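Chemist: Sequence first, predicted coordinates after that:
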Amino acid sequence: MTDRGVPQGGIGRSARLASLPLAFTGRAVAGWGRTLVGADSDEVAAATVARNAEQLFAVLGTLKGGAMKLGQALSVYDAMIPSEFAAPYHDALAKLQTSSPPMPPRDVHRMLAEQLGRGWRERFTDFDDEPRAAASLGQVHRATWRGADGGGRDVAVKIQYPGADVALDSDLRTLERFSRLFAAVFPALDVRALIRELRERTLEEVDYRIEADRQRRFAAEFTGDRDLLVPRVVASAPKVLVTDWLDGVPLRDLLGGVGDEADRDRYGHTIVESMFASPARIGLLHADPHPGNFLVLPDGRLGMIDFGAVAELPGGIPPVLARILVLTARSESEALTALLREEGFLAADAEAADVLRWVGALADPLREERFHFTREWMARQGSRVANPGNRAYRETGRALAMPAEFVLVLRVLSGWMNILAQLDCTVAARGVAERWVPGFASV
C-alpha cells in the first residue's frame, strides 16, 4: 500500500486478494492438526474464524476501490451472520463502514487543483486537511465555502481517491472469482450475485457529476420535510463534490438497540418512508443501504447522504413487483404461481408454494400493522433463504429469473431490513407500502 490513494498495480492488488483463500485453507489445515493432538474443536474453530475475519476485512479495507466497496456492502448483512460466528466479525465489519487509510494532504491538494482549478483555495475561507470520513471511492473533508458576499458556508468536500476509477471494475471481477471464499463468513448470502450487481451499478459512481444531479433531485423534493434532510449541492466536478455540511451522529452508532426505543422506531419509519416514497415522488431509489448514509441531526431529523448509488425507477417501484410482494405476504401460492409464470419469472416445473417456503417469511413486515425488526428474526431468515443444504435454495432459487431492476430493488429492501434489524425498531411498514407503492393496496 502506497500513500497515494488506491494501489493501482493490477498484479499487486490481485495477489493480495488471491492470498485470502490460501490463508483460509492454511488455517483450516492447521486447525485440523491441532484438533488431532487434543485441542478443543470449538476453541480452534472460533480462533480460525476470528483470524479469517481479521485478514479478510483488513485486505478489503486497505485496497479501497472495488474491494472496499464489497466490504462495505457485506457489512450491511451483519445480521445475517449465524449467531455462533457473529462475535468475531462485528469489530471488523464496523471498521469497513467508516474507515480506510487516508489520502495524504499533497494528493488531496493535487486532486482539488485538477478538479476545481489552480486557484481552488480562493473558493474556501478554510479547508481542513484531516479527513472527517472515508469510503470506498473517496474521503470527505470539512471546509468553509466562500460565498459571493464574502461570507462562509460550512461544506463537506468529497474527493475521489487517485486511481479509484481504474481499480474498481478490476477488483470486482477478481472478487467474483473468489466469491465462494465468503461462504464461511456469510453462508446466508449469494455474494457472487451481490458482486455482479455492484459491478453493474457502481462504475457510474466514479463521476461525481452524476451523483450531484441525483442529490439535487432528492434535495429539491424533500425540502422542508419534517423527518428527512438532504444536503444541497454547492459545486461539483468529475472527482470532487461539495455539499452542505451536516452535523449529526451516524445511525450506525444506534445499532444494537442503543438509545431511546421511541427514537429508534421513528428513525426506522423515516428510513422505510424514504425508501418507498422516493421512487414514487422522483423516480429514484437510494441504492446503497448503509447505516453510515444516515445521520441523526440535532433537531431530531435524519440526514441522508451519499447518492453515488441511485437506481432510476421512472415509474416508481414496478407494479408487478408490488403484486408479487402482496401475494407473498398473503401466502396465496396459486395466484403467485400464475403471476410468476405469466411474467416469465418462474420455470414451468416450479411451484410458487416452494417460493413461499423459501422466501415467504421475508414478507413478515407486510403481514402486520406494526413489525418489530430484530437481529434474531433476520438471522433466521438469512440462514434459511441462502442455505445450500435447503432444497428450495438449490431448486426453487435457480428456477426464479427476475429482471435486473427487480433484483436491485429486492437487494436494497433486504439491505435495509438488515439495518432495521440491527437498529431493533418497530415500524408500520405495511402502511407505508400501501401509501407509496403503486398497486400494493389494490391487490
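Modeler: The structure has been received and is ready for your questions.

Chemist: so who does residue 414 touch?
Modeler: residue 362 (Cβ atoms under 8 Å, 6 or more residues apart in numbering). Placement of C-beta: from N, CA and C, glycine included.

Chemist: per-residue confidence at it?
Modeler: At residue 414, the model reports a pLDDT of 82.

Chemist: Also residue 115?
Modeler: Residue 115 is given a pLDDT of 97.

Chemist: doesn't residue 240 make contact with it?
Modeler: Yes. Here residue 115 reaches residue 240: they are 4.1 Å apart, a contact under Cβ atoms under 8 Å.

Chemist: shared neighbours of these two, anything?
Modeler: Shared contacts of residue 115 and residue 240 (Cβ under 8 Å, 6+ apart): residue 159.

Chemist: The two: which is more packed in?
Modeler: Between residue 115 and residue 240, counted using other Cβ atoms under 10 Å, residue 240 has the larger neighbour count: 21 against 18.

Chemist: Hmm, that one is touching residue 155, no?
Modeler: No. Residue 240 lies out of contact with residue 155 (Cβ under 8 Å); the separation is 11.3 Å.

Chemist: what's the helix or strand for residue 159?
Modeler: strand 152-160 (DSSP states H and E).

Chemist: brain fart, residue 285
Modeler: strand 284-286.

Chemist: What is the least confident helix or strand in the chain?
Modeler: Comparing helices and strands within the chain by mean pLDDT, DSSP states H and E singles out helix 10-36 as the least confident, with a mean of 50.

Chemist: quick one on the thing from earlier: following the chain past the strand holding residue 285, name the next helix or strand.
Modeler: Past strand 284-286, the next helix or strand by DSSP H and E is strand 294-296.

Chemist: Partner strands of that next one and their direction?
Modeler: Next to strand 294-296 in the sheet, as set by DSSP bridges, lie strand 249-250 (antiparallel), strand 302-304 (antiparallel).

Chemist: which residues sit against the last one?
Modeler: Read that as strand 302-304. By Cβ under 8 Å, 6+ apart, strand 302-304 touches 218, 222, 227-231, 246, 248, 251, 267, 270-271, 274, 286, 293-297.

Chemist: mean confidence for it?
Modeler: 96.

Chemist: picking up where we left off before, now for the strand holding residue 159, which elements pack on it?
Modeler: The contact analysis (3 or more Cβ pairs under 8 Å, 6 or more residues apart in numbering; DSSP states H and E) places strand 152-160 against helix 105-116, strand 124-127, strand 138-146, strand 240-244.

Chemist: Tell me which helix or strand comes right after that strand.
Modeler: Immediately after strand 152-160, counting by DSSP H and E, sits helix 164-177.

Chemist: secondary structure element for residue 331?
Modeler: Going by DSSP H and E, residue 331 is not in any helix or strand.

Chemist: List the contacts of it.
Modeler: 356, 360.

Chemist: For residue 301, give me its contacts.
Modeler: Counting by Cβ under 8 Å, 6+ apart, residue 301 touches 225-229, 270.

Chemist: and it, how far is that from residue 426?
Modeler: Relative to residue 426, residue 301 is positioned 20 Å away (Cβ to Cβ, to the nearest Å).

Chemist: Of the contacts of residue 301, grab the buried ones for ChimeraX.
Modeler: Typed into ChimeraX, the line below selects the buried ones among the contacts of residue 301, using 16 or more other Cβ atoms under 10 Å:
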select :225,228,229,270
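
Chemist: how near is the residue nearest to residue 226 when sequence neighbours are not counted to residue 266?
Modeler: Counting by Cβ to Cβ, 6 or more residues apart in numbering, residue 301 is the residue found nearest to residue 226 once chain neighbours are left out, at 7.2 Å. For residue 301, the distance to residue 266 equals 10 Å [Cβ to Cβ].

Chemist: Now do the shared contacts for these two.
Modeler: Common neighbours of residue 301 and residue 266 (criterion: Cβ under 8 Å, 6+ apart): residue 227.

Chemist: you'd agree residue 322 is up against residue 440?
Modeler: Yes. Using Cβ under 8 Å, residue 322 makes contact with residue 440 at a distance of 4.5 Å.

Chemist: overlap in contacts of those two?
Modeler: residue 433.

Chemist: Quick check: which element contains residue 315?
Modeler: Residue 315 belongs to no helix or strand, assigned by DSSP H and E.

Chemist: how near is it to residue 283?
Modeler: To residue 283, residue 315 is 7 Å away according to Cβ to Cβ.

Chemist: Which one's more surrounded, these two?
Modeler: More neighbours surround residue 283 than the other of residue 315 and residue 283, with 14 against 10 (other Cβ under 10 Å).
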